[in-house]
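> one predicted model, sequence on top.
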Amino acid sequence: MKPAKATHEQLKRHNRQMLLRAIFSREVNNRAALAQVTGLAKPTVSDLIAELIDEGLLVEGGHGESTESGGKRPRLLEFVPTARQVIGISLEPNLASGVLSNLDGQIVARHYASLSGVQGEMAVMLLIEAINGLIAQLDAPLLCLGVGVPGIVEHETGIVRSATSLGWRNLALASMLGQRYEVPVYLGNNTELAAMSQLAFGSESGVRNLVTVLVNSAVEVGIALDGAAYHSGGDIGCLRVDGGAGDDGRLDSFLGWDYVQRRAGELRRIYPDTLLPASDLTYLHLRYAAAHDDPAALQIYEQLTDYLAQVFAWVIGLLRPDHLALAGPITDLGMPLLHLAGEKAERLLQPELIQAVTFSLAGSANLSAIGAVAQALQNELGILS
Amino acid sequence: MKRPTLGIVTNNRHHVFQRNIIAGVEEVAGQRGCDVVVDSIAENPRHPRPVSLDIPALAGVLVISNVLSDDFLRDLYHTGKPLSLISHRVPDAPIPAVIPDNREGIAKLVQYVVEECGRTRIVFIRGDTRQNDAVQRERTFRQEALRYTLQVNEAFMLDGEFIPEVAAASMSRLLQSRADFDAVLASDYLMGVAAVEVLRSAGRRVPEDVSVVGFGDGQEAEAAGLTTVAAHEVELGRRGARQLIGQIEGLRIQGVTMLSTELVERATGKGN
């Protein structure tokens, strides 16, 4: 089948994105150079730049140097990151967590709303009321919205196929929100958006292929390949790491937070003097106790690094990423956890494959919401490639 | 047409924190064509008086901190009157609020004291434990101590109630006990300033012997050279006003808008 021809509107959008990307990345900053690097005709560049200036996305600054052959000094163009704003919001089982961002990813406000036990239409309503919290804080017109969902999302159509914790199936969330706020809305799976966040705004430079392993109650992987989100990551907690019956052999039964709590309870009976508290346990308690050679904490720590190493080996063996980021509350265990899991992974895979990967902890609580901003910006302006 | 009026209820409009917030509210209200009236109901803290605002005549109400009881706030919310809280939350009631990021701020202070100042024996001066801010800050201090594998010494957890005189008295008692500490982290900056004064009066050098830091920032902190973390108080007011005006204009809002904090490094932190 022959590929369909791009419409005039699609072509124009593509050309605008090319120009914005070139200016945003500081590759070039005047019309003649833009025509050169994009291959667009000079009149096309001039028309589109005039349009972008009218919309406030670009301003003309001073004059640049004239070329070696002389001629008029070009007017320099600057991107205006405060011309529009973007809302990114991620839905977790109990919380809607949102950010309001300028076009360069600078966060200007954060908003949180409880979703405890809420499902179906009520969850949609609470999502809207959380978004409204950021709409009230807008300093500039809203360009677009990005939404992260804990479940299976059809990126192209903006339909949530399944989000069990929210009771959503086949929900046309993007069009619903698009009609309400009259802006484009982009959906993504939370973990793939966490990877997008690392790719777009993370501290690692030159990374094109990145995997984020998110550990909370579930275990998920988010993948960004060749600078864009790969929309088939997600929950890997159901993978078998043990031959136990029923759900006992599942990865999330050994690596998720529920396991840590349950195991701490069991070990407390064996080690009654453990430093792990009987209530309100956190990963930081585990870190503190392990640093003080608490036997219960050390056992849990060993088991977590064993299973984390298994996940790292799977991910690196299959995807060969440049970078692997560990995300979620487990990051409170700090770099020693990452180093130990990395060392153990070397025993499961050829060491040189592990050594070719850089590792980091992604501890931000807003990772998926920031990723929703990154994806929305990428789709709307193409300024992150 | 009559301009909408925003009502602010606070304990004392002349205190620095409240004054800055009110300035932020007034700035945004002016830009958005609203008037502001302030009801300062506890200028004499021993004899607070009832709210005197004509609430039905107001477009909406902003309440600063915990000046009104949670039951009063719940009842007001259920009348449907647009309502926003600044630096306060009501448990189990979906009243929108604007609050500083207490967790981030305390985490930054602990990181600074431990990593930059090299201190490990930290005294914490808690705020008014009836207030959400005080509870969150203390809880975060305890968690962040774990991050640096520091043991929290309960004798170093002092009462301050967000009142400098109370903090100073607690600090004096600790000094009399000859406790061995090398840093003080105060849950608000006015208590931090009070701690600096007590320490210096007792012959302890700040910051050479003891690092002192506090949450929040204002002229008093600047005058004392106190190192702080702060959410911009005027910005708290601006964001609160926007949240309230958003509701007045028809937005249904749930949840809290949170403001980031920044470290303001001055003279009381690092010894060298």
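Nice, I can see it. Numbering: from 1, shown residues only, chains lettered A, B, ... in the order given.
> flag the shaky bits of chain B, pLDDT-wise.
Chain B contains residues with pLDDT under 70 at B:1, B:272.
> what of chain A?
Using pLDDT under 70, the flagged stretches of chain A are A:1-5, A:67-70, A:203, A:231-233, A:243-247, A:383-385.
> remind me, longest helix of it?
helix A:295-319 (DSSP state H).
> let me know the angle separating whichever helix or strand comes after it from helix A:295-319.
If you walk from helix A:295-319 toward the C-terminus, the next helix or strand you reach (DSSP states H and E) is strand A:323-327. Here the directions of strand A:323-327 and helix A:295-319 differ by 140 degrees (axes from the mean of the first three to the mean of the last three Cα atoms, to 10 degrees).
> could you say which helix or strand contains A:Val213?
Going by DSSP H and E, A:Val213 is in strand A:210-215.
> and the longest helix of chain A, how far out from the chain middle?
Centre-to-centre, helix A:295-319 and its host chain are 23 Å apart (Cα atoms, centre = their mean, to the nearest Å).
> close to chain B, is it?
No: using Cβ under 8 Å from any Cβ of the partner chain, helix A:295-319 never reaches chain B; the gap is at least 11.4 Å. The C-beta positions use only the backbone N, C-alpha and C, and glycine is treated the same way.
> please name every helix or strand in contact with that helix.
Counting contacts by 3 or more Cβ pairs under 8 Å, 6 or more residues apart in numbering or on different chains; DSSP states H and E, helix A:295-319 is packed against strand A:210-215, strand A:219-225, helix A:252-255, helix A:257-270, helix A:283-291, strand A:323-327, helix A:335-348, helix A:351-355.
> tell me the most buried of these?
strand A:210-215 (a mean of 28; mean count of other Cβ atoms under 10 Å in any protein chain shown).
> can you show me the CA trace of that strand as PDB?
Output in PDB follows, covering the C-alpha atoms of strand A:210-215 (Å, rounded to 0.1, in the frame of the first residue of the first chain):
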ATOM      1  CA  LEU A 210      17.000   5.000  28.000                       C
ATOM      2  CA  VAL A 211      15.100   2.700  30.200                       C
ATOM      3  CA  THR A 212      13.500   3.700  33.500                       C
ATOM      4  CA  VAL A 213      12.700   0.900  36.000                       C
ATOM      5  CA  LEU A 214      10.000   2.100  38.300                       C
ATOM      6  CA  VAL A 215       9.500   0.200  41.600                       C
END
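> show me what from the stretch 151-300 of chain A comes close to chain B.
A:Thr282, A:Leu284, A:His285, A:Arg287, A:Tyr288, A:Ala291, A:His292.
> coming back round to it: buried sites along the longest helix of chain A?
A:296-301, A:304-316, A:319 (16 or more other Cβ atoms under 10 Å in any protein chain shown).
> what of stretch A:144-158?
Residues of stretch A:144-158 classed as buried by neighbour count (16+ other Cβ under 10 Å): A:Cys144, A:Leu145, A:Gly146, A:Val147, A:Gly148, A:Val149, A:Pro150, A:Gly151, A:Ile152, A:Val153, A:His155, A:Gly158.
> who does the strand holding A:Val213 pair up with?
strand A:219-225 (antiparallel), strand A:323-327 (parallel) (DSSP bridges).
> what's next to that strand, contact-wise?
A:190-191, A:194-195, A:198-199, A:202, A:204, A:219-224, A:255-257, A:308, A:311-312, A:315, A:319, A:321-330, A:362, A:367 (Cβ atoms under 8 Å, 6 or more residues apart in numbering or on different chains).
> any idea how far it is from the chain center?
Distance of strand A:210-215 from its chain centroid, counting by Cα atoms, centre = their mean, is 10 Å.
> again with stretch A:282-292
28 Å.
> could you pull out the helices for chain B?
Taking DSSP H, the helices of chain B run over residues B:16-31, B:70-78, B:102-111, B:132-147, B:164-176, B:189-201, B:219-224, B:233-248.
> what number of residues lie near B:Ser40?
19 (other Cβ atoms under 10 Å in any protein chain shown).
> now do the contacts for it.
B:Ser40 makes contacts with B:Thr10, B:Asn11, B:Asn12, B:Arg13, B:His14, B:Gln18, as judged by Cβ under 8 Å, 6+ apart.
> that one: what's its closest spatial neighbour, skipping adjacent residues?
B:Arg13 (4.0 Å; Cβ to Cβ, 6 or more residues apart in numbering or on different chains).
> same question, B:Leu68
That would be B:Val9: by Cβ to Cβ, 6+ apart, it lies 6.1 Å from B:Leu68.
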